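Student: the following comprises the amino acid sequence and a computationally predicted model.
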Amino acid sequence: MLHQATMLRIGDRIAITYHRRSVLIWCAVTVLLLSLSMATLMFGKLGISPAELVDVVRGQASATTEFALQRVRGPRLFIAILAGAAFGISGALFQNVTRNPLGSPDVLGLSAGAGAGVAAASLLPFNMPTPLGALAGAGIAIGLVTVATGSGLSSTAKVIIAGIAVAAMATAVTQFVVTATLRDEASRLAAYLVGSLNSRDIRQVAIIAVTLLVAAPVLVWLAPRLELMELGDELTTALGGKASATRTQAVLLSLVLAAMAVAVAGPIAFIALMSPHAARMLTQTSGPHLIGSALTGALLLVLADLAVQQIPIFEGLPAGVLTAGFGGIFLGYLLLNFFKKGQS
């Protein structure tokens, strides 16, 4: 069931549509995200109590509290929130402009390609920054998938097959790099490539934060045309939406967001795929759901990271292992539904 939108007018020229149900749901999700974020800071051996957090705000925190917040808990939490949001937006953009419900960086092999780019960059005789390696790998991956399908990114079956092939090639590259490097470096790469939030630092927080800040005005500019893309290319173009240009711009932006998220958190599996679907299921409305996908992506990654820190059965696992397990189940559920509906 789709819920009717309400129009909010600001002056004579600005009109914003919103769904009351969606506003309430995303407020609730935001509260839940804040609650889980507080739990991430407070639980465990280096947990920071509410009183200590107040001391931090006052500038009266102890050296131990500052160390835990600035070096251990804080960067890890911010990476989970920001990278999760970037993955969520990336998946929403892909699914919107390709009209492919499985069009996400995970299924297309883009995340694996970004990880391979980071790994391959470590073998270069010069020091290539991690974000550039991730961008290069992601760009090559999406290019290979586009060429392999022969019909762009809209065919679900072709994209799945091409994405599996590209991901396999990317995995082969990363495995070669891991075996070709020294043991200590190989261990670090192996941990990164499964998607771990351990040992994050403020520099990585800055990378993904700046990426999202730069992307925000572009998303605001694209949002009206992304809404039109729900109507199909012909109607979008007829209404001035420039479907082809919008698709290219959205895919490029999605690639950058996913690559930067991989650069700071590793190829965390299936957050980009699950977030837009979860947003649609929660609100029961159509549309690109950029804000909802961002909030859902952040919530999923913070929840996964909290679980691997505090639940004994998951303790010590990289967050990417947990998201891969649950995301694989979710992907199977989607595939069954699509094949039952005769989609290909």
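Tutor: Okay, I see it.

Student: how about the secondary structure of Leu102?
Tutor: Here Leu102 is recorded as coil under DSSP: H, G, I helix; E, B strand; the rest coil.

Student: roughly how far does it sit from Lys45?
Tutor: 41 Å (CB to CB, to the nearest Å). Heads up, the C-betas are built off the backbone N, CA and C, glycines and all.

Student: more neighbours, the two?
Tutor: Leu102 (23 against 6; other CB atoms under 10 Å).

Student: which residue, neighbours along the chain excluded, lies closest to Ser196?
Tutor: Distances taken as CB to CB, 6 or more residues apart in numbering place Pro318 nearest to Ser196, at 3.7 Å, with adjacent residues excluded.

Student: would you confirm that that neighbour contacts Ser199?
Tutor: No - contact between Pro318 and Ser199 fails when scored by CB atoms under 8 Å: they sit 11.3 Å apart.

Student: neighbour count winner among the two?
Tutor: For Pro318 and Ser199, the more surrounded residue by other CB under 10 Å is Pro318, and the numbers stand at 23 against 13.

Student: show me where pLDDT drops low in the stretch 201-344 of the chain?
Tutor: 233, 241, 341-344 (pLDDT under 70).

Student: change it to 50
Tutor: Applying pLDDT under 50 to the stretch 201-344 of the chain flags residues 344.

Student: now do the strands in it.
Tutor: Taking DSSP state E, counting those that start in this stretch as the criterion, the stretch 201-344 of the chain carries no strands.

Student: what are the ranges of the helices in it?
Tutor: 202-229, 233-238, 243-265, 271-283, 290-310, 319-340 (DSSP state H, counting those that start in this stretch).

Student: same list (those) but as CSV, adding distance to Gly84 and mean neighbour count.
Tutor: Listed next are the helices of the stretch 201-344 of the chain as CSV, based on distance: least, CB to CB, whole Å; neighbours: other CB atoms under 10 Å:
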stretch, distance to Gly84, mean neighbour count
helix 202-229, 10, 16
helix 233-238, 29, 15
helix 243-265, 8, 24
helix 271-283, 6, 25
helix 290-310, 3, 24
helix 319-340, 10, 17
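
Student: closest one to Thr98 among those?
Tutor: helix 243-265 (7.5 Å; CB to CB).

Student: between the closest one and helix 319-340, how many degrees?
Tutor: Relative orientation of helix 243-265 and helix 319-340, computed by axes from the mean of the first three to the mean of the last three CA atoms, to 10 degrees: 150 degrees.

Student: in which helix or strand does Ile89 reside?
Tutor: Assigned by DSSP states H and E, Ile89 belongs to helix 74-98.

Student: which helices and strands sit right next to that helix?
Tutor: With contacts taken as 3 or more CB pairs under 8 Å, 6 or more residues apart in numbering; DSSP states H and E, helix 74-98 sits against helix 20-42, helix 202-229, helix 243-265, helix 271-283, helix 290-310.

Student: neighbouring contacts of the helix or strand following the first one?
Tutor: It stands for helix 20-42. Of the helices and strands lying after helix 20-42 in sequence (DSSP H and E), the nearest is helix 50-58. Contact with helix 50-58 is made by 41-42, 48, 61-62, 65-66, 69, as judged by CB atoms under 8 Å, 6 or more residues apart in numbering.

Student: appreciated, that's everything.
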